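> can't give you the sequence, but here's the structure:
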């Protein structure tokens, strides 16, 4: 679960990096995404069994990502009844991909997302994570929707 949280935080960070503008981004344009982002969706879906899916935001989790101009990030995720968890690291962004690298002692996780920016909404999709749906961790996809 902690590795998924780190991935979500990283995803949120990536979202922040990509979504600061009001216009849609297409082609080879790399948007200025510096700022603070909040998740409206944080869906994890099993690769082997797509019927196994969970939206952490729908379950009450809150996710915030702060993307800094120096390509560092900080994320905070809070699950109901639990203390907030923070994560920091670095990010890179191209017109089509956002890569986040968690620098936590237990981390070092790297997640690569497909990126789409439409107005003030940043979509990060197809991030690969391990998630425990109740019978051990399995390869899963992480999709995040972030807004300013």
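Done, it's in. What you are looking at is a predicted structure, and each value in this text was computed from that prediction instead of being measured.
> Look at the closest residue to residue 124 other than its chain neighbours and tell me its secondary structure.
Nearest residue to residue 124, sequence neighbours excluded (Cβ to Cβ, 6 or more residues apart in numbering): residue 113, at 3.9 Å. All C-beta atoms are positioned from the backbone trio N, CA, C, and that covers glycine. In terms of secondary structure, residue 113 is strand; the call rests on DSSP: H, G, I helix; E, B strand; the rest coil.
> Residue 113 and residue 96 touch, don't they?
No. With contact defined as Cβ atoms under 8 Å, residue 113 and residue 96 do not form a contacting pair (9.7 Å).
> So those two - more neighbours on which side?
A count of neighbours by other Cβ atoms under 10 Å puts residue 113 above the other of residue 113 and residue 96, at 28 against 14.
> If that one is in a bridge, with which residues?
Beta-bridge pairing for residue 113 (DSSP bridges): residue 98.
> and what of the one 4 residues further on?
In this entry, residue 117 is beta-bridged to residue 25, residue 122, by DSSP bridges.
> which residues in this protein form helices?
With DSSP state H as the criterion, the chain has helices at 2-18.
> quick revisit: check the gap between the residue nearest to residue 124 and residue 39 for me.
13 Å (Cβ to Cβ, to the nearest Å).
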